[in-house]
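Engineer: Pasting a predicted model and its sequence here:
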Amino acid sequence: MQFHKYDVVIIGAGGAGMRAAIESGQRARTAVLTKLYPTRSHTGAAQGGMCAALANVEEDNWEWHTFDTIKGGDYLVDQDAAEIMAKEAIDAVLDLEKMGLPFNRTPEGKIDQRRFGGHTRNHGEAAVRRACYAADRTGHMILQTLYQNCVKHGIEFFNEFYVLDICLTETENGPVCTGAVAYELATGEIHVFQAKSVVFATGGFGKVFKTTSNAHTLTGDGMGIIFRKGLPLEDMEFYQFHPTGLAGLGILLTEGARGEGAILRNASGERFMERYAPTIKDLAPRDIVARSMALEVLEGRGAGPNKDYVLLDCTHLGAEVLETKLPDITEFARTYLAVDPVVEPVPVYPTAHYAMGGIPTNIHGEVLRDNDNVVPGLYAAGECACVSVHGANRLGTNSLLDINVFGRRAGIAAAEYALSRDEHVELPENPAAQVEAQVALALSEHGQERVADIRTELQATMDANASVYRTEDTLKQALHDVQALKERYAHISVQDKGKRFNTDLLEAVELGFLLELAEVLVHGALARKESRGGHAREDYPNRDDTNFMRHSMFYKQGEGLTADIRLDYKPVTFTRYKPMERKY
Amino acid sequence: MTATAETTTGSRGSQPPVPDGAVTVTVKIRRFNPEFDDEPRWDSFDIPALPSDRVLNLLHHIKWYVDGTLTFRRSCAHGICGSDAMRINGVNRLACKVLLKDLLQKGDKHTTITIEPIKGLPVNKDLLVDMEPFFEAFRAVKPYLVTYGNEPTRERIQSAADRERFDDTTKCILCACCTTSCPVYWTEGSYFGPAAIVSAHRFIFDSRDEGAEERLDILNDIDGVWRCRTTFNCTDACPRGIQVTKAIQEVKRALLFKRV
């Protein structure tokens, strides 16, 4: 075992982690632990843009952005947090530009902006140009720019260090975070990092689904670690399905395509979104568009030989717009479906994309241990966190915004907290014991179950039973399946017994987190007997503000993978916006 | 490297159902785990695959159902993260961007696909190499915007044409396909390599940047741009379609004529 001591340890090197590191690293001694190399993180796959009311191309203001975010989230958004995000969005974009991000430009040389789903002028009048972008590789540019600036500031990275546990030390005022425990992929060695503050920026868990835009590595490790510590997860039943995944593959095609004028059509060529969202049509928020697409297919109007997808028509945009503003998605369609968007419409269907829920935090990124108290020294930001700025449905571009605004805030708060403490709080006894036992168990001979089989079955049941539309019956089926898979997980076999780059072991550990989070998602979806944002219950088609205008809080009861889940609730923070019916 | 005996490995339990339209292909992989092996060897796997599969799907099939010790990096699986650069049939590619249909033999001839780690970087295990020397070269060229004086309150103004000037090199995902396809890099590991020069180019030709001179000084070094022999391997290898050799030539020209 190796031992390290830092002021701040940041776990994850995507957008949120590196944005936090840039702040923290200039203030306090900081280490970034990442299970990948920093530039491999999935922030790089984001395409369309990052919204901020710069008003560079038309009238706009951050109050409209706040309102759109709250309405887009079906009023489950904490309004104080949404206001902060929309207000700080402007500086967040300008900061990135100053760091070197190559945004597309207007004819006057300012940052160009384009339309995006759910972002409107004056509280819903019409779509507004608010998304700042760099072609359709905005996430790539953000990830590269943040990494470049980490290099500039000499941030210390521990690449391919897989964090498997955090250290909580019990004090008279409750638990305090004192470090993290990591498994070094290169050597199989276990490292304990003592720290005054720890920031989680570990991303999402899209791999619980089969059809997903998420990377193979998005397995919810950070949320899983927190949950296993008995700390809560918030609003996990709210999972976003992005409308335009490449049919059958799930690879993302940006909403920016529709922002530039692309149109969704059913088999007969009808622009069906006119029926579901008469005012902003194809630029309705993602939950509405995804449900509309699923309905078109369910009602027999799907395209293709099996009528199981709809079409994204970009043909009227012309080759020049596609090549200059949407080059990557044009290439994806050509490479993976052999379809040329310049001349033919692209088959698309909703793809599992983004977790609205996650580790509950306040507006400084401090992690909550219940509705009222924080865990001192523990922070979270980005997709793994739930502030909550996305509520029941995130608006397009608001995730790139979230990682920059709250990554920055968490980095500053973590560093300032660390600097305010003279001494490190003592680590708990045997801090590495749990991870050593976990690794030893996984490598021991205790069964013949194959990780790939369990994962495949998990993803199949989640796609079939817990995706765009859900019912009591499908969710009960999913719960039954996930619980049975958890039993089988106790008998998995890891074939690679070596210490060196044991990715076989890694996949087995990741599957444990996926199973855990899948059950929380389904548990929450069963309990929430209403439809709100990304959570659509066919058996409860309406929003129920009387009973469910509140955040879900999930706690693990006891040890072991099959332990029970306790569900509690947390009030939503309102400032100035009263819940209204959500129409577009 | 010496040729070694070929082995065909067994299976990891029962095999998953074979999808309709699958063909059987042989995947021949260069294996080496210094923890247990004295020297590298070739392993061959006969597996069912669909023409629409990516090479990454084939590797996953082997790892998940045949040999769990097979080791490679991957993440996004659609050509954005740059994790899975490898040598496929002798050329550097991302495993997630090569489809089997483009590798299949014509007619009924059996297809064998050869996969090796990218060259010029130490092999850590199977297809996974040590990326540190590669990132060290990247970090050495000051790959970040360098500016002096006060920052403006709003964004810096940049014309669309000035933005376009360095657009091509902003696409780099640091996968190392270019650098590890370069014959100069294979023999002279101290050469910065194409990817680092691409990263320097991205800033040298950015109208907002004031660090061109510092970077050009670095690249004028004995291990800098002058090592390039314009073999164009790098341009062929780039999965993002960057005109890598052209970018290197532009940096050379900037050095010769002292202007960007």
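Structural biologist: Noted; the coordinates are in hand.
Engineer: In terms of residue numbering, what are the domains of the chain?
Structural biologist: Answering for chain A, as no chain was given. For chain A, whose domains are defined here by automatic domain parsing, the residue ranges read A:246-351, A:433-571.
Engineer: Correction: the question concerned chain B.
Structural biologist: Residue ranges for the domains of chain B, per automatic domain parsing: B:6-128, B:131-257.
Engineer: So which of the ones you listed is nearest residue A:423?
Structural biologist: When those are ranked by proximity to residue A:423, the top entry is domain B:131-257, at 33.8 Å, counting by Cβ to Cβ. Every C-beta, even on glycine, is put in place using the N, C-alpha and C of the backbone.
Engineer: Who are the contact partners of residue A:539?
Structural biologist: By Cβ atoms under 8 Å, 6 or more residues apart in numbering or on different chains, the contact set of residue A:539 is A:471, A:472, A:529.
Engineer: The second one contacts residue A:526, doesn't it?
Structural biologist: Yes - look at residue A:472 against residue A:526 with Cβ atoms under 8 Å: they come within range, at 7.0 Å.
Engineer: Which one of the two is surrounded by more residues?
Structural biologist: The neighbour count for residue A:472 versus residue A:526, taken as other Cβ atoms under 10 Å in any protein chain shown, is higher for residue A:526 (20 against 14).
Engineer: Need the residues that contact stretch A:518-531.
Structural biologist: The set of residues that contact stretch A:518-531 without belonging to it, under Cβ under 8 Å, 6+ apart, is A:208, A:227, A:233, A:235-237, A:239, A:357, A:458, A:462, A:465-466, A:470, A:472, A:475-476, A:478-479, A:482-483, A:486, A:535, A:537, A:539-544, A:547-548, A:552, A:554, A:565, A:567.
Engineer: what is the mean pLDDT for that stretch?
Structural biologist: What stretch A:518-531 shows for mean pLDDT is 98.
Engineer: How about the secondary structure of residue B:36?
Structural biologist: When the structure is split into helix, strand and coil by DSSP: H, G, I helix; E, B strand; the rest coil, residue B:36 lands in coil.
Engineer: Let me see the contact set for it.
Structural biologist: Contact criterion Cβ under 8 Å, 6+ apart gives residue A:498 as the residues in contact with residue B:36.
Engineer: And for residue B:58?
Structural biologist: Taking Cβ under 8 Å, 6+ apart as the definition of contact, the neighbours of residue B:58 are B:25, B:27, B:47, B:49, B:100, B:113.
Engineer: Can you tell me the SS state at the residue nearest the centre of chain B?
Structural biologist: Geometric centre of chain B, nearest residue: residue B:177, 2.2 Å, by Cα atoms, centre = their mean. Following three-state DSSP, residue B:177 is assigned to coil.
Engineer: Give me the buried subset of the contacts of stretch A:518-531.
Structural biologist: The neighbour-count test (16 or more other Cβ atoms under 10 Å in any protein chain shown) applied to the contacts of stretch A:518-531 identifies A:208, A:227, A:233, A:235-237, A:239, A:357, A:458, A:462, A:465-466, A:470, A:475, A:478-479, A:482, A:486, A:535, A:537, A:540, A:543, A:548, A:552, A:554, A:565 as buried.
Engineer: mind listing which of those residues are in helices?
Structural biologist: The helices, defined by DSSP state H, take in A:227, A:458, A:462, A:465, A:475, A:478, A:479, A:482, A:486, A:548 from the buried ones among the contacts of stretch A:518-531.
Engineer: could I get those residues as a markdown table with pLDDT and distance to chain B?
Structural biologist: Formatted as a markdown table, the entries for those read as follows, by pLDDT from 0 to 100; distance: Cβ to the nearest Cβ, whole Å:
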| residue | pLDDT | distance to chain B |
| --- | --- | --- |
| A:227 | 98 | 23 |
| A:458 | 98 | 14 |
| A:462 | 98 | 18 |
| A:465 | 98 | 21 |
| A:475 | 98 | 27 |
| A:478 | 98 | 22 |
| A:479 | 98 | 25 |
| A:482 | 98 | 20 |
| A:486 | 97 | 20 |
| A:548 | 98 | 35 |
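Engineer: mind putting those residues in TSV, distance to residue A:135 included?
Structural biologist: Putting these into TSV (distance: Cβ to Cβ, whole Å) gives the following:
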residue	distance to residue A:135
A:227	38
A:458	35
A:462	33
A:465	37
A:475	40
A:478	38
A:479	42
A:482	39
A:486	43
A:548	40
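Engineer: What is the nearest of these to residue B:143?
Structural biologist: When those are compared against residue B:143 (criterion: Cβ to Cβ), the nearest one is residue A:227, at 37.8 Å.
Engineer: and the closest one, what does it touch?
Structural biologist: Under the criterion of Cβ under 8 Å, 6+ apart, the contact partners of residue A:227 comprise A:233, A:516, A:517, A:520, A:554, A:556.
Engineer: Reformat the domains of chain B as JSON lines; add distance to residue A:574 and mean pLDDT.
Structural biologist: Written out in JSON lines, the entries for the domains of chain B read as follows (distance: least, Cβ to Cβ, whole Å; pLDDT from 0 to 100):
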{"stretch": "domain B:6-128", "distance to residue A:574": "38", "mean pLDDT": "94"}
{"stretch": "domain B:131-257", "distance to residue A:574": "33", "mean pLDDT": "96"}
